[in-house]
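Visitor: Could you look at this predicted model? Sequence included:
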Amino acid sequence: MVSSSNAPNASPPKYNDTLYEKGRLVSVWGGENLTVKVQGLEGIDLPADSLVWNVEGFDVPNNSLEYTFWWPSPRTPLIEIDLFGEEISKIYVDVPSVGSITENDALVQLAGTNPLAAVDIVGHGIEARDFVQSNIPPGGNRRADAFRHAYWNALCVSSPVISVSETLFVTTTHEYKNKWDDPHVQEAFNSTMDLRNNLVGTTAYHPSLISTEENRAIIRSDIFGKYDNGELWIWDFPQDFTDNNGAHTDSNGMLLKSDGTTIY
């Protein structure tokens, strides 16, 4: 089981003795605590050195049934736990990087060198949002969220005036806003997911297909294909949750591929 606490942006803990399911990805902010508990061994007098943890940067005492981790900066840690020499758990973690400036500051900075790019990135973000609101049925939250981020980035890189680096510079700082400035600051898993979907969106590169609505449909088809193929990431739900269209607030904070399979 995993639990989180003390997020630096005061976002509510997403994990609270949450059952970790194999192959999924959990996410915490830099400076946020992640506590991992081993189940089923409580009250058992284990022989010395039977339960071994392997985590880069940490010296977890053998036979520990619980340990709290803390990473100060972005990385992708792996927590491995062995019992009697056999692996019993691998927990995949992401500590996302959302940059160090706000989206507005990034746009102002970009406007100083490429004003057309700054204007178009804002316009493409609005276009992606409006398309999702008008065309993806209400309640399709996972699909809508993943598509919106990927489509925004795909429109940007397909523009003749916006580079991939300029695109990701601004769309990454959008996650800075979600972390620090949003009225309801978000948990880290939202940004881990969005950053992945931004990156995948930049691979839907169709520079000759952005001038008309008909051509834009080809870009959208590319994104929907990537979603169906599992290239985007979506949030998972607790095992007893039956509504696949639930919002991110209903999720257990663990991430899957967009085709429903595990990431690892």
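Guide: Alright, I've got the coordinates. Residues are numbered from 1 along each chain as shown.
Visitor: CA only for contacts and neighbour counts going forward, please
Guide: Fine.
Visitor: For residue 29, give me the backbone phi and psi.
Guide: phi -70, psi 160 (degrees, to the nearest 10).
Visitor: any idea of the pLDDT on it?
Guide: Note for residue 29: predicted pLDDT of 96.
Visitor: same check, this time on residue 221
Guide: If you check residue 221, the pLDDT there is 95.
Visitor: Pretty sure it sits in a helix.
Guide: Yes: counting by DSSP: H, G, I helix; E, B strand; the rest coil, residue 221 is located in a helix.
Visitor: okay, now it: neighbour count?
Guide: Residue 221 sits with 12 neighbouring residues when counted by other Cα atoms under 10 Å.
Visitor: Could you do residue 145 as well?
Guide: With other Cα under 10 Å as criterion, residue 145 counts 21.
Visitor: As CSV, could you dump the C-alpha coordinates of the helix or strand it falls within?
Guide: For residue 145, the element it lies in under DSSP states H and E is helix 141-158. The C-alpha coordinates for helix 141-158 follow below in CSV (Å, rounded to 0.1, in the frame of the first residue of the first chain):
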residue,chain,number,x,y,z
ASN,A,141,-13.2,12.7,-18.7
ARG,A,142,-10.1,10.5,-19.2
ARG,A,143,-10.4,10.5,-23.0
ALA,A,144,-11.2,14.3,-23.0
ASP,A,145,-8.3,15.3,-20.8
ALA,A,146,-5.7,13.1,-22.6
PHE,A,147,-6.9,14.3,-26.1
ARG,A,148,-7.0,18.0,-25.1
HIS,A,149,-3.3,18.0,-24.1
ALA,A,150,-2.1,15.9,-27.1
TYR,A,151,-4.2,17.9,-29.6
TRP,A,152,-3.0,21.3,-28.2
ASN,A,153,0.6,20.2,-28.7
ALA,A,154,0.0,18.6,-32.1
LEU,A,155,-1.6,21.8,-33.4
CYS,A,156,1.4,23.8,-32.1
VAL,A,157,4.1,21.7,-33.6
SER,A,158,2.2,21.5,-36.9
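Visitor: Give the rounded mean pLDDT of that helix.
Guide: Mean predicted confidence for helix 141-158 is 94.
Visitor: One more: stretch 164-180?
Guide: On average, stretch 164-180 scores 93.
Visitor: and if you look at stretch 255-264?
Guide: 96.
Visitor: what about stretch 191-207, distance to the chain center?
Guide: 11 Å (Cα atoms, centre = their mean, to the nearest Å).
Visitor: Going along the chain, name the strands of the stretch 51-200 of the chain.
Guide: Ranges of strands in the stretch 51-200 of the chain, per DSSP state E, counting those that start in this stretch, are 51-54, 66-70, 78-83, 86-94.
Visitor: so where is this protein shaky, pLDDT-wise?
Guide: For the chain, the stretches with pLDDT under 70 are 138-140, 182-184, 208-212, 214, 242-245.
Visitor: the domain parsing of it - what is it?
Guide: 2-94, 103-232 (automatic domain parsing).
Visitor: Let's have those domains in a markdown table, adding distance to residue 246.
Guide: Listed next are the domains of the chain as a markdown table, based on distance: least, Cα to Cα, whole Å:
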| stretch | distance to residue 246 |
| --- | --- |
| domain 2-94 | 16 |
| domain 103-232 | 6 |
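Visitor: Quick one, which of the ones you listed gets closest to residue 251.
Guide: Residue 251 lies closest to domain 2-94 among the domains of the chain, at 8.8 Å (Cα to Cα).
Visitor: and the closest one, how far apart are its ends?
Guide: 14 Å (Cα to Cα, to the nearest Å).
Visitor: Quick check: residue 52 touching residue 63?
Guide: Yes: using Cα atoms under 8 Å, residue 52 is in contact with residue 63, at 6.4 Å.
Visitor: quick one: contacts for the closest residue to residue 80 other than its chain neighbours?
Guide: Of all residues not flanking residue 80 in the chain, residue 90 sits nearest, at 4.6 Å (Cα to Cα, 6 or more residues apart in numbering). Residues in contact with residue 90 (Cα atoms under 8 Å, 6 or more residues apart in numbering) are 22, 23, 78, 79, 80, 81.
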